[in-house]
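> let's see this in three dimensions:
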Amino acid sequence: MKRRNFLAASTALGSALFTGCRLAPQSPAGSGKPVGDFELDGVALADISAGLRTGKWTSQRLVELYHARTEAIDRNGPRLSAIIEWNPDAEKLAAELDRERKGGRERGPLHGIPILLKDNIDTGDRMSTSAGSLALENWHAPQDAVVAARLRAAGALILGKTNLSEWANFRSAHSTSGWSGRGGQTRNPYALDRCPSGSSSGSAVAAAASLCAGAIGTETDGSITSPSSVNGLVGIKPTVGLISRSGIIPISASQDTAGPITRTVRDAAMLLSAMTGVDPQDPSTAASASRIAADYTRFLDPAGLRGARLGIARKFFDSSAPLDRYLSGCVEALKKGGAEVIDPADLPSHGQIDAPELEVLLYEFKDGLNRYLSRLPAGAPARSLKELIDYDEKYRQREMPIFEQELFVQAEAKGPLTEERYAKARADCLRLSRQEGIDAVIARYNLDAIVALTSGPAWYIDTINGDRDTGNCTTPAAVAGYPHVTVPAGLFRGLPIGLSFFGRAWSEPTLLKLAYGWEQQTKARVQPTFRATVQA
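Just a heads-up that it's a prediction; the model follows:
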């Protein structure tokens, strides 16, 4: 969840498309030693999959390599703090998957591929599912979340859990993204003093720093797309209902979804293919029955921009002349790729969604979290939102050393979802994000997708004032429940920025085609350098 709704941000920025500061690696802060070479650094998941098939690597070897990488730069060296818990059974699982492959059984392209899950996704194993909270650090879910089970069935190897903005960034309006009581502060690998964004901060940093082949995040509003953008990655927030939410600690029944975070569009499509499916426990997935593609990689086309009609949503960054110029450079690249561009093509409801969205989230958070926590055993530290608030107050020194829990308190004051105030806010959200938002613009200009910068560059970590959001375009697609894909668009003053493609429900095939076309034309992703800071 992002909190642009609640924060006033101002910034003076400048850059040129795909140039910025291309900075050489330096010694990580406090280590006195350079970051060493790593054979999997930046290697695509698809290439790792091919290497497993040819025998270049085994799954056991991959686990060894990623474990060493984690010790070197996550626990030590730059101390990224992206991984909150290593799977104690990773080596054993890798050996089992290697035996399967040797015995002639290959489950698919993800067989033996090491991935990481955000620590709000249940796993029925020896790992906790805590949302970063000390209240749940000893909670072991009785079974996998449906999305985790599907990934395992496809042969993926779950290496561990990633840190996140505690409670998916829905505890305080003044939080520091990437911080949790259990995991501490995750740091941006492009500049260690910069925020990794939230709430899937650990998943994004782990993928960017090659601590895994790919990672899974969750989004309510911006929590996949924003950290993907500021960490130089591809992120997919699918249509709500394409992926089951069963077994994922909730914020919003109307907006929550899991999605992949990877270094390439193909890798994201591979993970997405394994994550989808109807789940009777999650009614939202019923609508996806005839919409699911067995293999999303088949939509990838290096000439995917050719002939596309794209509308440019300018207003998200029109208050920043440097970012607006950067977007103009992206527009020229889209045209060079053969796209027909309508510029501007802004949403009629721009800037009107924040208030009703917050109202909906407060209601749905209380309802959903109480349902989730009620599954915990008697005697658990918190089995309701009220008990969680009390726990945080009791352990204030450890849980609230830098920000409070005012959103928790506001949510606890809400009534049931049958209240008219909730119904009106939800109706307003749908009208503003769909009929007077995405649907309106796409219909007016006959568009394949809407395009904008995903976010501004990463801001400084500030434990006194909290996040200084540099802007983003995530809200309309999030509130509508529509798909949104972000893909690297180069460096802005040495820091990554993503380009977003979003559209109507179930348009993932089109968005992936466009994103892949952009990626193949621009090759804009730059590997992180683990610098202590970036000077413009």
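
> how deep is Glu85 tucked in, by neighbour count?
Other residues lying near Glu85 total 22 when counted by other CB atoms under 10 Å. (C-beta placed from N, C-alpha, C; glycine too.)

> number of residues surrounding the nearest residue to it once chain neighbours are set aside?
Spatially, and ignoring its direct neighbours in sequence, Glu85 is nearest to Lys161 (4.6 Å; CB to CB, 6 or more residues apart in numbering). Burial of Lys161, expressed as a neighbour count using other CB under 10 Å, amounts to 27.

> Ala95 now?
Neighbours of Ala95 (other CB under 10 Å): 14.

> can you pull the contacts of it?
For Ala95, the contact set (CB atoms under 8 Å, 6 or more residues apart in numbering) comprises Ser59, Gln60.

> what about it, distance to Pro189?
With distances taken as CB to CB, to the nearest Å, Ala95 is found 30 Å from Pro189.

> now do the strands in the stretch 251-400 of the chain.
With DSSP state E, counting those that start in this stretch, the ranges of strands along the stretch 251-400 of the chain come out as 257-262, 309-312, 340-342.

> sec struct for the residue nearest to Glu85, please.
For Lys161, the secondary structure call by DSSP: H, G, I helix; E, B strand; the rest coil comes out as strand.

> report pLDDT for it.
Here, the pLDDT recorded for Lys161 equals 98.

> surely it meets Ala82?
No. Assessed by CB atoms under 8 Å, Lys161 is found out of contact with Ala82, at 10.3 Å.

> okay, now the unreliable bits of the chain?
Judged against pLDDT under 70, the low-scoring parts of the chain cover residues 1-35, 536.

> so which residue is smack in the middle of it?
Against the mean C-alpha coordinate of the chain, by CA atoms, centre = their mean, the closest residue is Ile224 at 1.8 Å.

> and that residue, how close does it get to Arg431?
With distances defined as CB to CB, the gap from Ile224 to Arg431 amounts to 25 Å.

> can you check Val265 too?
Per CB to CB, Val265 is found 32 Å from Arg431.

> what ranges does the stretch 151-300 of the chain have for its helices?
For the stretch 151-300 of the chain, helices defined by DSSP state H, counting those that start in this stretch occupy the ranges 166-169, 201-208, 225-230, 265-275.

> to Pro88, which of these lies closest?
Across those, the minimum distance to Pro88, taken as CB to CB, is reached by helix 201-208, at 17.7 Å.

> can you confirm Ala452 is in a helix?
No. Judged by three-state DSSP, Ala452 forms no part of a helix; its state is strand.

> beta partners of it?
Beta-bridge pairing of Ala452 under DSSP bridges involves Ser500.

> for the helices of the stretch 151-300 of the chain, give me CSV that also has mean neighbour count and distance to Gln60.
Written out in CSV, the entries for the helices of the stretch 151-300 of the chain read as follows (neighbours: other CB atoms under 10 Å; distance: least, CB to CB, whole Å):
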stretch, mean neighbour count, distance to Gln60
helix 166-169, 30, 33
helix 201-208, 34, 20
helix 225-230, 35, 29
helix 265-275, 25, 21
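
> distance to Arg291 added to those, as JSON lines?
JSON lines is the format used below for the helices of the stretch 151-300 of the chain (distance: least, CB to CB, whole Å):
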{"stretch": "helix 166-169", "distance to Arg291": "26"}
{"stretch": "helix 201-208", "distance to Arg291": "25"}
{"stretch": "helix 225-230", "distance to Arg291": "21"}
{"stretch": "helix 265-275", "distance to Arg291": "13"}
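
> quick one, which of those is nearest to Ile243?
It's helix 265-275; of the helices of the stretch 151-300 of the chain, that one is closest to Ile243 (CB to CB) at 5.0 Å.

> can you spell out which helices and strands pack onto that closest one?
Counting by 3 or more CB pairs under 8 Å, 6 or more residues apart in numbering; DSSP states H and E, the packing neighbours recorded for helix 265-275 are helix 45-54, helix 146-153, strand 214-219, strand 234-237, strand 257-262, strand 484-492, helix 508-522.

> let's see 7 Å
helix 45-54, helix 146-153, strand 234-237, strand 257-262, helix 508-522 (3 or more CB pairs under 7 Å, 6 or more residues apart in numbering; DSSP states H and E).

> out of these, which comes closest to Phe501?
When the helices and strands packed on helix 265-275 are ranked by distance to Phe501, counting by CB to CB, first place goes to helix 508-522 at 4.7 Å.

> which other residues reach stretch 45-64?
In this structure, residues lying in contact with stretch 45-64 by CB atoms under 7 Å, 6 or more residues apart in numbering are 90-91, 94-95, 97-98, 109, 111-114, 157, 159, 213-214, 262, 266-267, 270.

> among those, which ones are buried?
In terms of neighbour count (16 or more other CB atoms under 10 Å), the buried residues within the contacts of stretch 45-64 are 90, 94, 97-98, 109, 111-114, 157, 159, 213-214, 262, 266-267, 270.

> give the closest residue to Trp86 in space, chain neighbours not counted.
Once flanking residues are discounted, Trp86 sits nearest to Gly160: 4.4 Å by CB to CB, 6+ apart.

> gap between the one you found and Tyr391?
For Gly160, the distance to Tyr391 (CB to CB) stands at 25 Å.

> more neighbours, those two?
Gly160 (26 against 18).

> so who does the closest residue to Gly202 other than its chain neighbours touch?
Leaving aside its sequence neighbours, Gly202 sits nearest to Thr162 (CB to CB, 6+ apart; 3.1 Å). Thr162 makes contact with Ala82, Ile83, Ile84, Leu116, Leu117, Lys118, Asp119, Gly202, Ser203, Ala206, Ala215 under the criterion CB under 7 Å, 6+ apart.

> next one: the spatially closest residue to the last one that is not a sequence neighbour relative to Leu233, how far apart?
Counting by CB to CB, 6+ apart, Ser203 is the residue found nearest to Ala215 once chain neighbours are left out, at 3.8 Å. To Leu233, Ser203 is 9 Å away according to CB to CB.

> which neighbours do these two share?
Common neighbours of Ser203 and Leu233 (CB under 7 Å, 6+ apart) are Ile261.

> which of the residues in the longest helix along the chain are buried?
Counting residues, the longest helix in the chain under DSSP state H turns out to be helix 354-373. Along helix 354-373, the positions that meet the burial threshold by neighbour count (16+ other CB under 10 Å) are 354, 356-370, 372-373.

> swap in stretch 529-536?
When burial is assessed from 16+ other CB under 10 Å, stretch 529-536 yields the following buried residues: Thr529, Phe530, Arg531, Val534.

> let's have those in CSV, adding distance to Arg396.
Converted to CSV, the buried residues of stretch 529-536 look like this (distance: CB to CB, whole Å):
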residue, distance to Arg396
Thr529, 37
Phe530, 33
Arg531, 35
Val534, 34
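
> okay then, goodbye and thanks.
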